[in-house]
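Enquirer: attaching a predicted model along with its sequence, questions to come.
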Protein chains: 2
Amino acid sequence: MTATTASTADEKPANQYRIESLAKGLQVLRLFDETTTSLKLRDICDLTGIPMPTAFRIVSTLEEDGFLDRSPEGVLQPGLSVLTLGSAALRGSSLVGVSERPLRHLAETTGETVNLGVLLGDQVLYLARLKNADLVTANVQVGSTLPAIYTSMGKLLLANLSPEQLDATIGTHSFTGDAGPNAVSSRAELDARLADIRKQGYAIQDQELAMGLRSVSVPVFGSGQVLVAAINIAVSSSRHTVETLRGPLLEALQATAADISARLRAL
Amino acid sequence: MTATTASTADEKPANQYRIESLAKGLQVLRLFDETTTSLKLRDICDLTGIPMPTAFRIVSTLEEDGFLDRSPEGVLQPGLSVLTLGSAALRGSSLVGVSERPLRHLAETTGETVNLGVLLGDQVLYLARLKNADLVTANVQVGSTLPAIYTSMGKLLLANLSPEQLDATIGTHSFTGDAGPNAVSSRAELDARLADIRKQGYAIQDQELAMGLRSVSVPVFGSGQVLVAAINIAVSSSRHTVETLRGPLLEALQATAADISARLRAL
DNA sequence: ATCTAAGCTTTCACTAACCGAAAGTTAGTT
DNA sequence: AACTAACTTTCGGTTAGTGAAAGCTTAGAT
């Protein structure tokens, strides 16, 4: 019995080479994100179920290595040195490297805000972002994540998953988040939209994430036609209708995606 | 004997709450930086001295949690999800938050490239960077690090360390790196420059890091007049002499630093 | 085609070090 | 001053992390 079927309800796929104490430390690190930039020791215990003495030791170790900073009052934050790791991740990514010029060109010729993103669980991770001067834009930067189902890049990426993968990533989603007026509100609605996206080859989001924001996304393929990322153009709803998104902007976006995909195949 | 003096040659200050297996995993993560974005298992063993089976388990665990990605050929890179951690670090930093507007204003009024940095060991870590359109600029981004002794921000920050701290951070530096034509080349020279910086209250770097780059840095103080960061203006040597750096640019920079410092005190 | 070796994966037995209950400390509150 | 909550430290039992050594796999050399 080598797993595969062993998923009755108990969460233990666990590869045999996992080091538990290291995994716990990483679990603590992963508690920090966009919206949760600081925690107290007690919070960490509550969120993870790790007993306090153990959490204390983990935090001490993370702090000693610069992965966490603690204020005199005991408030914990990610250490600034983790930026170096992030920097290495970006520099090492051929996707980001190859996309840089085409995206810059797209941003300059259209004058719009453009993004590059990948799927990370049920979130879209922003790998590149070139902002224009619009007053209202999503509060997103490189490294930010947003729920995939509320974004055009996210839905595009979700649409390319197998049914099993889709279930695994958003199967248990609640659809109750605070999103924009047109946000999908049920699994059935999401499935319908994903079907449309598969047919069309692009995804449009119209004030789903938040009032006033629209965007259109197209896929980027690596070698072997595997979907590796999405790029999009994000606009303020006051400047562009859904129709203009579908027109020349989509065309420019598709040309850029083709460019990036070609560069990726050439490696 | 509670350490403090226990530094004959053997490196074991080690707090008693350190979790060794977690610390080793973090040590592996810290191998990755700007210039080292991918490693093989064997490299990790060579660099850290960790035996291969242990390194294998560490890497498996880091991979499982998304902190490392491994290509089919076994090449390891930081996982893109570490960007989220970096993002949290930036968002959680009051220093970065408070500096954003003043720095943007400085960049716009002067039209120059401006940076915000802190000291991390013997390196300057760039926390914010607003680039102008100069053709020649340092290849630096948020999260990048550069050797402190070759940069104006670095020397400024070093100049504010106690002699003991200074020895601890750059005491064993080789001064043989590939730097610019005017780089400091000995500890004595560095000490002399740091003394000048302390007297002047600002630091200038003239083609020390690389040919063609000049910059001027001033300190940013937090509450209690403690030095927390440096900001600088970086220019191409073809557009500005050292004298113009010392003139109106320095003045604008100092005003911005005062602004940021005041905002930090107000918290 | 066969050999060689380097790099990676797996096994195994030992014991170091990780763990959490419980006790101790500190700081803020009623 | 008693009380509470959050954090720190101690301590012994036992787990789970460790590295030697043995397999495996791949790629390059002969």
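Expert: Okay, I see it. On a predicted model such as this, the values are computed, not experimentally measured, just so you know.

Enquirer: okay, CA-based contacts and neighbour counts for the rest of this
Expert: OK.

Enquirer: quick one: the strands in chain A?
Expert: A:68-70, A:76-78, A:113-120, A:123-130, A:145-147, A:203-206, A:213-221, A:227-236 (DSSP state E).

Enquirer: got a markdown table for those strands, with mean neighbour count, distance to DNA strand C and mean pLDDT too?
Expert: Formatted as a markdown table, the strands of chain A follow (neighbours: other CA atoms under 10 Å in any protein chain shown; distance: least, CA to the nearest atom of the strand, whole Å; pLDDT from 0 to 100):
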| stretch | mean neighbour count | distance to DNA strand C | mean pLDDT |
| --- | --- | --- | --- |
| strand A:68-70 | 21 | 15 | 94 |
| strand A:76-78 | 26 | 17 | 96 |
| strand A:113-120 | 23 | 23 | 96 |
| strand A:123-130 | 24 | 27 | 96 |
| strand A:145-147 | 21 | 29 | 93 |
| strand A:203-206 | 25 | 38 | 95 |
| strand A:213-221 | 26 | 26 | 96 |
| strand A:227-236 | 24 | 23 | 96 |
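
Enquirer: can I get those strands in TSV including distance to DNA strand D?
Expert: Shown next, in TSV, are these (distance: least, CA to the nearest atom of the strand, whole Å):
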stretch	distance to DNA strand D
strand A:68-70	9
strand A:76-78	9
strand A:113-120	26
strand A:123-130	29
strand A:145-147	27
strand A:203-206	39
strand A:213-221	24
strand A:227-236	23
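
Enquirer: nearest to B:Ala133, out of those strands?
Expert: Of all the strands of chain A, strand A:123-130 sits nearest to B:Ala133, with 15.0 Å by CA to CA.

Enquirer: near DNA strand D, which residues of the stretch 151-267 of chain A are found?
Expert: Nowhere does the stretch 151-267 of chain A come near DNA strand D, counting by CA under 7 Å from any atom of the strand.

Enquirer: from the chain's centre, how far out does stretch A:122-139 sit?
Expert: Between the centre of stretch A:122-139 and the centre of its chain there are 11 Å (CA atoms, centre = their mean, to the nearest Å).

Enquirer: repeat that for stretch A:26-41.
Expert: Computed by CA atoms, centre = their mean, the chain-centroid distance of stretch A:26-41 equals 17 Å.

Enquirer: stretch A:209-217 too?
Expert: Worked out by CA atoms, centre = their mean, stretch A:209-217 lies 16 Å from the chain centre.

Enquirer: figure out which of the strands of chain A is closest to chain B.
Expert: strand A:76-78 (4.9 Å; CA to the nearest CA).

Enquirer: what lies in contact with the closest one?
Expert: Defining contact as CA atoms under 8 Å, 6 or more residues apart in numbering or on different chains, one finds that strand A:76-78 is touched by A:29, A:32, A:37-41, A:67-70, B:85-86, B:88-89, B:92.

Enquirer: for stretch A:235-242, buried residues please.
Expert: Neighbour-count burial for stretch A:235-242, counted by 16 or more other CA atoms under 10 Å in any protein chain shown, picks out A:235-237.

Enquirer: what does the stretch 51-200 of chain A put close to chain B?
Expert: Residues of the stretch 51-200 of chain A lying near chain B by CA under 8 Å from any CA of the partner chain: A:57-58, A:60-62, A:65, A:77-92, A:120, A:125, A:141-145.

Enquirer: hmm, try it at 7 Å
Expert: By CA under 7 Å from any CA of the partner chain, the residues of the stretch 51-200 of chain A that approach chain B are A:57-58, A:60-61, A:77-80, A:82-89, A:91-92, A:143-144.

Enquirer: can you tell me how far A:Ile26 is from A:Thr36?
Expert: Small correction: residue A:26 is Leu, not Ile. Separation of A:Leu26 from A:Thr36 (CA to CA, to the nearest Å): 16 Å.

Enquirer: now swap in A:Ile204 and tell me
Expert: According to CA to CA, A:Ile204 and A:Thr36 sit 29 Å apart.

Enquirer: then A:Val235?
Expert: 27 Å.

Enquirer: what does A:Gln27 give?
Expert: A:Gln27 is 14 Å from A:Thr36, by CA to CA.

Enquirer: what bridges to the nearest residue to A:Pro219 once chain neighbours are set aside?
Expert: Closest residue in space to A:Pro219, ignoring its immediate chain neighbours: A:Ala230 at 4.5 Å, by CA to CA, 6 or more residues apart in numbering or on different chains. Taking DSSP bridges as the rule, A:Ala230 bridges to A:Gly117, A:Pro219.

Enquirer: isn't A:Ala230 right up against A:Leu119?
Expert: No: applying CA atoms under 7 Å, one finds A:Ala230 not in contact with A:Leu119, separated by 8.8 Å.

Enquirer: which residues do these two both contact?
Expert: Among the neighbours of A:Ala230, those also in contact with A:Leu119 (CA atoms under 7 Å, 6 or more residues apart in numbering or on different chains) are A:Leu157.

Enquirer: report how many residues lie close to whatever residue of the stretch 51-200 of chain A ends up closest to DNA strand C.
Expert: Closest residue of the stretch 51-200 of chain A to DNA strand C, CA to the nearest atom of the strand: A:Thr54 (4.6 Å). Close neighbours of A:Thr54, defined as other CA atoms under 10 Å in any protein chain shown, add up to 16.

Enquirer: tell me the confidence at it?
Expert: We have a pLDDT of 95 for A:Thr54.

Enquirer: any idea how far it lies from B:Arg18?
Expert: Using CA to CA, one gets 10 Å for the distance from A:Thr54 to B:Arg18.

Enquirer: and what of A:Thr113?
Expert: Distance from A:Thr113 to B:Arg18, by CA to CA: 45 Å.

Enquirer: what residues does stretch A:224-240 touch?
Expert: With CA under 7 Å, 6+ apart as the contact definition, stretch A:224-240 has outside contacts at A:112-118, A:136-137, A:153, A:157, A:212-222, A:253.

Enquirer: distance from the chain centre to that stretch, please.
Expert: With CA atoms, centre = their mean, you get 13 Å for stretch A:224-240.

Enquirer: could I get that stretch in PDB with only the CA atoms?
Expert: The C-alpha trace of stretch A:224-240 is given here as PDB (Å, rounded to 0.1, in the frame of the first residue of the first chain):
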ATOM      1  CA  GLY A 224       5.400  21.100 -24.800                       C
ATOM      2  CA  GLN A 225       2.500  23.400 -24.800                       C
ATOM      3  CA  VAL A 226       2.100  23.200 -21.000                       C
ATOM      4  CA  LEU A 227       0.500  26.200 -19.400                       C
ATOM      5  CA  VAL A 228       3.000  27.900 -17.200                       C
ATOM      6  CA  ALA A 229       1.500  31.300 -16.400                       C
ATOM      7  CA  ALA A 230      -1.000  34.000 -17.300                       C
ATOM      8  CA  ILE A 231      -0.500  37.600 -18.300                       C
ATOM      9  CA  ASN A 232      -3.100  40.200 -18.100                       C
ATOM     10  CA  ILE A 233      -4.100  43.800 -18.700                       C
ATOM     11  CA  ALA A 234      -5.900  45.400 -15.800                       C
ATOM     12  CA  VAL A 235      -7.800  48.600 -16.200                       C
ATOM     13  CA  SER A 236     -10.000  51.000 -14.300                       C
ATOM     14  CA  SER A 237     -13.700  50.500 -15.300                       C
ATOM     15  CA  SER A 238     -14.000  54.200 -15.800                       C
ATOM     16  CA  ARG A 239     -11.600  54.100 -18.700                       C
ATOM     17  CA  HIS A 240     -12.500  50.900 -20.500                       C
END
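
Enquirer: how about the helices of chain A, start to end?
Expert: Taking DSSP state H to define them, one finds helices in chain A at A:20-30, A:41-48, A:52-64, A:82-92, A:94-110, A:152-159, A:163-170, A:187-200, A:242-244, A:250-266.

Enquirer: how far away is the nearest residue to A:Arg70 once chain neighbours are set aside from B:Leu264?
Expert: Leaving out its chain neighbours, the residue that sits closest to A:Arg70 by CA to CA, 6+ apart is A:Leu76, at 4.4 Å. Going from A:Leu76 to B:Leu264 by CA to CA gives 19 Å.

Enquirer: CA atoms only for stretch A:59-74 - export them in PDB, please.
Expert: Taking C-alpha atoms only, stretch A:59-74 is exported to PDB below (Å, rounded to 0.1, in the frame of the first residue of the first chain):
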ATOM      1  CA  VAL A  59      10.500  31.100  16.700                       C
ATOM      2  CA  SER A  60      13.800  31.400  18.600                       C
ATOM      3  CA  THR A  61      15.500  29.500  15.800                       C
ATOM      4  CA  LEU A  62      13.800  31.400  13.000                       C
ATOM      5  CA  GLU A  63      14.800  34.600  14.700                       C
ATOM      6  CA  GLU A  64      18.400  33.600  15.200                       C
ATOM      7  CA  ASP A  65      18.700  32.900  11.400                       C
ATOM      8  CA  GLY A  66      17.100  36.200  10.500                       C
ATOM      9  CA  PHE A  67      13.900  34.700   9.100                       C
ATOM     10  CA  LEU A  68      11.800  36.400  11.800                       C
ATOM     11  CA  ASP A  69      12.200  39.600  13.600                       C
ATOM     12  CA  ARG A  70      10.700  40.200  17.000                       C
ATOM     13  CA  SER A  71      10.000  43.500  18.500                       C
ATOM     14  CA  PRO A  72      10.700  44.200  22.200                       C
ATOM     15  CA  GLU A  73       7.000  43.600  22.900                       C
ATOM     16  CA  GLY A  74       7.200  40.200  21.300                       C
END
